[in-house]
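[1] Have a look at this prediction, sequence included:
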Amino acid sequence: MNWTGLYTLLSGVNRHSTAIGRVWLSVIFIFRIMVLVVAAESVWGDEKSSFICNTLQPGCNSVCYDQFFPISHVRLWSLQLILVSTPALLVAMHVAHQQHIEKKMLRLEGHGDPLHLEEVKKHKVHISGTLWWTYVISVVFRLLFEAVFMYVFYLLYPGYAMVRLVKCEAYPCPNTVDCFVSRPTEKTVFTVFMLAASGICIILNVAEVVYLIIRACARRAQRRSNPPSRKGSGFGHRLSPEYKQNEINKLLSEQDGSLKDILRRSPGTGAGLAEKSDRCSAC
Amino acid sequence: MDWGTLHTFIGGVNKHSTSIGKVWITVIFIFRVMILVVAAQEVWGDEQEDFVCNTLQPGCKNVCYDHFFPVSHIRLWALQLIFVSTPALLVAMHVAYHRHETARKFRRGEKTNEFKDLEDIKKQKVRIEGSLWWTYASSIFFRIVFEAAFMYVFYFLYNGYHLPWVLKCGIEPCPNLVDCFISRPTEKTVFTVFMISASVICMLLNVAELCYLLLKLCFRRSKRAQSQRNHPNHALKESKQNEMNELISDSGQNAITSFPS
């Protein structure tokens, strides 16, 4: 289980993302994970062994290194990439749940053959309804994690630049000793690169949230001006409240007539059901 | 045999788990195995070479390192993850045995009306009831026990979850009390706390899953008792009613609770 495992996991999510989401995923994998694995890890490889202090006092090296580099850049970036990638799994779980419901409905209708069930997996899921909220929340969490890590970086390594020399006087160093960092310029270059990539990802996430909100508003405005038609194409409409109400009515009519009479007699329940079917959050 | 193989094993169990079980598997693989492989192993990579004692006495460093770190964190975590993942294999074995029995009955010609062919038996989703329920519940129970045991062992071996930056060691052949310095103590403490938190989250998920299974069992038993008390031959209507209620609740509407008696 390593970065390729994460790649396989997230590629699955790719299908249900918006176009901006796919760009974001490519930026994450090419400009951040790949750069981290191929370049950054070798630059930081000898960070401790080549951290040299101007003293023979045993332990002074270790203590000064620990004081100035509480968490290594490489580990912070790995944690950041893992945490930033995981909200996408929320979306994947929601889509899997939706597909499970669709398959169940197909089986109840009598279309439970493998061909129809395979089609459920293949068709593109529209980002509407509760999936819209899940998707937006996942993007917001991504933004949050990116911002938090950039702040943590700033706290730990003010200015984002790597210094060449640090002055250390922690015990057991006998007095103020000079300690020298290995490859400071190269580290600064990579830090700035990763920071820029992180900034681009933040901008992409903000753009994606704005795009989703605009799309939802446009769809709502369109729906108000044109009332929705009963017929829909493909499986996407099967999750709409109108379609589900139709299916429920069909199943009801298969029951004995007494239940339908009860529903007809109690207008409150019928009206309540019709009301609920019109409600649609952000679709 | 590496983490990838374990991932393949456990991924197969995923199909027969509850939804909380699937979340648990995701947490295990992303927040624990992946963090261990990608980050923690590098942090602990130089733990012995960079363990420095303030003495030139040969052997003192080795003896002190062995005294303070009897089993390395990395190895303990690897063992913990292996032990915690293996009860899921009990479930996989039970499902395989159940399928084998069904296939045997099918070959004898007993269940031809339920399944078209042997492939159908393999594809069928096995429900967590009967003896499989007990196997599943015991596997969760063992997971919880292993997690708790390893957390206790950690606490016991390292006196808490914080790593000090200096240790005082006076064991033979060290001449007197010498200072020994651990490499990267802060980073190690951060990762230790992270892994412990992930472990606690996994334990909570397991407890939640166990409660969910118990509730499902009690609910199913009371439903069965109720339907047998009312009308023994209404089983088909009850199941259709339940399906409708599920679909309605999934689409966000009120469930039809009245039922003509």
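    Happy to help now that I have it.
[2] Give me every residue in the stretch 51-200 of chain B lying close to chain A.
    B:52-55, B:165-166, B:179-187, B:190-191 (Cβ under 8 Å from any Cβ of the partner chain). From N, CA and C alone the C-beta is placed, and that goes for glycine too.
[3] please redo it, this time with the cut-off set to 10 Å
    The interface of the stretch 51-200 of chain B toward chain A, taken as Cβ under 10 Å from any Cβ of the partner chain, is made up of B:51-56, B:61, B:119-120, B:123, B:165-166, B:178-191, B:194.
[4] From those residues, list just the buried residues.
    Applying 16 or more other Cβ atoms under 10 Å in any protein chain shown to those, the neighbour count classes B:51-55, B:61, B:165-166, B:178-191, B:194 as buried.
[5] In strands only, show me the residues of the stretch 51-200 of chain B next to chain A.
    Under the assignment DSSP state E, these contribute B:52, B:53, B:166, B:178, B:179, B:180, B:181 to strands.
[6] May I ask you to confirm that the last one is in contact with residue B:50?
    Yes: counting by Cβ atoms under 10 Å, residue B:50 is a contact partner of residue B:181 at 8.4 Å.
[7] who touches both of the two?
    A:61, A:62, A:65 (Cβ atoms under 10 Å, 6 or more residues apart in numbering or on different chains).
[8] Show me the residues you listed that map onto helices.
    Using DSSP state H, the members of the shared contacts of residue B:181 and residue B:50 that fall within helices are A:61, A:62, A:65.
[9] Who are the contact partners of the residue lying closest to the second one once chain neighbours are set aside?
    Distances taken as Cβ to Cβ, 6 or more residues apart in numbering or on different chains place residue B:181 nearest to residue A:62, at 4.3 Å, with adjacent residues excluded. Listed by Cβ under 10 Å, 6+ apart, the contact set of residue B:181 reads A:58-63, A:65-66, A:171-172, B:50-54, B:164-167.
[10] beta partners for residue B:181?
    Listed beta-bridge partners, residue B:181: residue B:52, residue B:166 (assigned using DSSP bridges).
[11] Where do the helices of chain B begin and end?
    Here chain B has its helices, by DSSP H, at B:3-13, B:19-27, B:34-35, B:41-43, B:60-68, B:73-85, B:87-107, B:118-123, B:131-158, B:185-230, B:235-250.
[12] Out of those helices, name the one with the poorest average pLDDT.
    The stretch with the lowest mean pLDDT among the helices of chain B is helix B:235-250, at a mean of 62.
[13] re earlier: which among the ones in helices among the shared contacts of residue B:181 and residue B:50 gets closest to chain B?
    Taking Cβ to the nearest Cβ as the measure, residue A:62 is the one of these closest to chain B, at 4.3 Å.
[14] wait, doesn't that closest one sit right on residue A:53?
    Yes: judged on Cβ under 10 Å, residue A:62 makes contact with residue A:53 at a distance of 9.5 Å.
[15] Quick check: neighbours shared by the two?
    Common neighbours of residue A:62 and residue A:53 (criterion: Cβ under 10 Å, 6+ apart): none identified.
[16] Tell me the predicted confidence for the residue lying closest to residue A:120 once chain neighbours are set aside.
    Distances taken as Cβ to Cβ, 6+ apart place residue A:102 nearest to residue A:120, at 4.9 Å, with adjacent residues excluded. Predicted confidence (pLDDT) for residue A:102: 84.
[17] helix or strand right after the host helix or strand of residue A:102?
    Using DSSP states H and E, the element containing residue A:102 is helix A:87-109. Following helix A:87-109 in sequence order, the next helix or strand is helix A:114-122 (DSSP H and E).
[18] how many neighbours does residue 67 have?
    Just so you know, I chose chain A. Using other Cβ atoms under 10 Å in any protein chain shown, residue A:67 is surrounded by 16 other residues.
[19] that's the wrong chain, I wanted chain B
    Neighbourhood size, residue B:67 [other Cβ under 10 Å]: 13.
[20] before we move on, back to that, so the residue nearest to residue A:120 sits right up against residue A:118, yeah?
    No: assessed by Cβ under 10 Å, residue A:102 is found out of contact with residue A:118, at 12.0 Å.
[21] Between these two, which has more neighbouring residues?
    When residue A:102 and residue A:118 are compared for neighbours, residue A:102 comes out ahead with 21 against 11, by other Cβ under 10 Å.
[22] Now do that one against chain B, distance only.
    Distance, residue A:102 to chain B, using Cβ to the nearest Cβ, to the nearest Å: 10 Å.
[23] Same question for residue A:223.
    17 Å.
[24] tell me the secondary structure for residue A:179?
    Following DSSP: H, G, I helix; E, B strand; the rest coil, residue A:179 is assigned to strand.
[25] What pLDDT is listed against it?
    For residue A:179, the pLDDT comes out at 93.
[26] Which stretches in chain A count as helices?
    Per DSSP H, chain A has helices spanning A:3-14, A:19-27, A:35, A:41-43, A:60-68, A:73-85, A:87-109, A:114-122, A:130-156, A:184-225, A:241-254, A:257-265, A:267-278. These are given in chain order.
[27] between those, which gets nearest to residue B:99?
    Smallest distance to residue B:99 across these (Cβ to Cβ): 18.3 Å, for helix A:114-122.
[28] need the contact list for residue B:145.
    Applying Cβ under 10 Å, 6+ apart to residue B:145 gives the contacts B:83, B:84, B:87, B:206.
[29] How about the third one, nearest residue that isn't a chain neighbour?
    Excluding its sequence neighbours, the residue lying closest to residue B:87 (Cβ to Cβ, 6+ apart) is residue B:139, at 3.7 Å.
[30] Look up how far chain A lies from the one you found.
    In terms of Cβ to the nearest Cβ, residue B:139 sits 21 Å off from chain A.
[31] count of residues packed around that residue?
    By other Cβ under 10 Å, 21 other residues sit near residue B:139.
[32] Could you do residue B:12 as well?
    14.
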